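sequence? don't have it. structure:
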Ligand SMILES: O=C(O)C(=O)C[C@]1(C(=O)O)C=C[C@@H](O)C=C1
């Protein structure tokens, strides 16, 4: 089994992978971006890939949602929830006053915006493709600090300028393991779907939600993203409890299919 993740080593994705039962004993391959990780699975270079999908402070990871819809074919097989503790890392000896830029993947920097505004006001963010990539770059630059994990500090020989800098308690990221095939029911599953409505009409979304309400199926997420076709046209993402091959789930999906323009089944998988 070969499994891809957002690298380089020291990312939160790597840590989440260690908590993923499917990946135990797997050969790990790191990729430079979320899109490259996704493509590696789609092309069969690896058997599955771990992607961040949602953060409790910052919401969806749009790169992952967009790939699941616009490059369909992969299925979610597991979800992993990882508590996220962000830190400000810099080369040993660098002080706050030396920091002229902050490096990180934007969603990680956004989790610490109150801290960064208070302690490094006016210092610009330079986006990186991951937290560990930011740490790797900061190790080469005495004028920079990275927002990244403790593991990244150790791996790239950086000091902790500040610890636990995320805004608020309970910062958690949900990751999904995607593969080319579906997962079998376990009795404690979740299903993710995405759909577009055929036209803008009163009650379109309400009708779809009714399919779940009538069957007493609990929804654990609903979200919309631009469809990229026209302003005001959206893709809706719904997660519901149950597996799509069980009676209730299969009936609900048939009901949704009657009410939408296009439906993507993103996967049924054990609840994390
Ligand atoms: O850059 C990393 O360390 C990642 O694994 C990516 C990622 C994300 O995109 O959400 C994962 C967890 C944190 O929320 C911050 C960054």
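Structure's in. What do you need? As the structure is a prediction and not an experimental result, all values here were calculated from the model.

helix or strand next in line after the helix or strand in which residue 37 is found, which one?
Residue 37 is part of helix 34-42 when elements are defined by DSSP states H and E. Scanning forward in sequence from helix 34-42 by DSSP H and E, the next helix or strand is strand 48-55.

other residues contacting the helix holding residue 37?
For helix 34-42, the external contacting residues (Cβ atoms under 8 Å, 6 or more residues apart in numbering) are 4-6, 29, 31, 46-52, 61, 63-64, 67, 71, 73-74, 178-180. Heads up, the C-betas are built off the backbone N, CA and C, glycines and all.

report the angle between it and strand 48-55.
Here helix 34-42 runs at an angle of 140 degrees relative to strand 48-55 (axes from the mean of the first three to the mean of the last three Cα atoms, to 10 degrees).

please see if helix 34-42 touches the ligand.
No. Shown here: helix 34-42 not in contact with the ligand (Cβ under 6 Å from any ligand atom), separated by at least 6.9 Å.

the contacts of helix 34-42: which ones sit near the ligand?
Filtering these for neighbours of the ligand using Cβ under 6 Å from any ligand atom leaves 6, 52, 61.

which of those sits closest to the ligand?
Nearest to the ligand out of these is residue 52 (Cβ to the nearest ligand atom; 3.5 Å).

ok, what's across the strand from the closest one?
residue 175 (DSSP bridges).

contacts for the one helix or strand residue 134 maps to next, please.
Residue 134 is located in helix 131-138, with elements delineated by DSSP H and E. Residues outside helix 131-138 that contact it (Cβ under 8 Å, 6+ apart) are 7-12, 14, 32, 86, 89-91, 103-105, 108, 128, 144-149, 152-153, 155-156, 158.

try 7 Å
7-12, 89-91, 103-105, 108, 128, 144-149, 152-153, 156, 158 (Cβ atoms under 7 Å, 6 or more residues apart in numbering).

ditto for stretch 72-79
Against stretch 72-79 from outside (Cβ under 7 Å, 6+ apart): 20, 22, 41-42, 48, 68, 174-183, 190, 192, 264, 266-267, 269-270, 272.

and the buried ones among those, selectable in PyMOL?
Only the buried entries of the contacts of stretch 72-79 go into this PyMOL selection, using 16 or more other Cβ atoms under 10 Å:
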select buried, resi 20+22+41+42+48+68+174+175+176+177+178+179+182+183+190+192+264+266+267+269+270
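
the contacts of stretch 72-79 in helices, which ones?
41, 42, 68 (DSSP state H).

which of those sits closest to the ligand?
The shortest gap between the ligand and any of the ones in helices among the contacts of stretch 72-79 belongs to residue 68, at 14.4 Å (Cβ to the nearest ligand atom).

doesn't residue 266 make contact with that closest one?
Yes. Using Cβ atoms under 7 Å, residue 68 is in contact with residue 266, at 5.4 Å.

quick check: neighbours shared by the two?
Common contact partners of residue 68 and residue 266 (Cβ under 7 Å, 6+ apart): residue 194.

now the ones in helices among the contacts of stretch 72-79 as JSON lines including pLDDT?
Converted to JSON lines, the ones in helices among the contacts of stretch 72-79 look like this (pLDDT from 0 to 100):
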{"residue": "41", "pLDDT": "97"}
{"residue": "42", "pLDDT": "96"}
{"residue": "68", "pLDDT": "95"}
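
quick one, phi psi at the residue lying farthest from the centre of the chain?
If you look at how far each residue of the chain sits from its centre, by Cα atoms, centre = their mean, the farthest one is residue 93, at 33.7 Å. When read as degrees, to the nearest 10, the backbone of residue 93 gives phi 100, psi -20.

what pLDDT does the model give it?
Confidence at residue 93, expressed as pLDDT, is 95.

ramachandran coordinates for residue 139?
Dihedral angles of residue 139 (phi, psi; degrees, to the nearest 10) stand at phi -70, psi -20.
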